[in-house]
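1. pasting a predicted model and its sequence here:
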Amino acid sequence: MVRSATFFIAVFAMAAAGSALPAVAAMSYPTNAVAEYVYACMKANGENRTNLDRCSCSIDVIESIIPYERYEAAATFRQMGLVAGENGALFRESAPAKAAIADLKRAQAEADIRCF
């Protein structure tokens with residue numbers, strides 16, 4: 001009887017400890033995309049611990065608002081839109097490019113409000 005009570009207590013303690021651990025959310029953005037965003041953000045805002053926290057917060061907010069596929073499309077349109085002339089016009093002036101970039105700008109504006 002003592003042995004079964006000890007076993008029950010041990011199982012209960014392990015279950016309680018397991019349920020007390022915080023749930024880890026699955027990240028939907030690849031690590032390199034997060035690191036690239038944080039690096040660029042810190043280059044723009046200052047390279048210190050405070051901005052590391054703010055920039056990390058910013059990409060977390062963006063991640064919670066738009067899926068990675070949409071983020072990737074917007075970042076690609078934005079980067080390719082820097083190409084001069086007619087070659088870059090498609091990436092600057094097309095409806096899908098404008099919509100994707102607008103979504104990213106809205107997410108970044110929300111991130112700025114929450115994190116900076």
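-> Yes, it's here.

2. check which helices and strands the host helix or strand of residue 110 sits against.
-> Using DSSP states H and E, residue 110 sits within helix 95-115. With contacts taken as 3 or more C-beta pairs under 8 Å, 6 or more residues apart in numbering; DSSP states H and E, helix 95-115 sits against helix 49-65, helix 68-80. Every C-beta, even on glycine, is put in place using the N, C-alpha and C of the backbone.

3. quick one: that helix to helix 49-65, angle?
-> Taking axes from the mean of the first three to the mean of the last three C-alpha atoms, to 10 degrees, one finds that helix 95-115 is oriented at 130 degrees with respect to helix 49-65.

4. can you list contacts of helix 95-115?
-> 54-55, 57-59, 61-62, 65-66, 70-71, 73-75, 77-78, 81, 90-91 (C-beta atoms under 8 Å, 6 or more residues apart in numbering).

5. buried only: go through those for me.
-> By neighbour count, with 16 or more other C-beta atoms under 10 Å, the contacts of helix 95-115 hold 54-55, 57-59, 61-62, 65-66, 71, 73-75, 77-78, 81, 91 as buried.

6. quick check: angle from the helix holding residue 110 to helix 68-80?
-> 110 degrees.

7. quick one: distance of helix 95-115 to the chain centre.
-> Counting by C-alpha atoms, centre = their mean, to the nearest Å, helix 95-115 is centred 13 Å from the centre of its parent chain.
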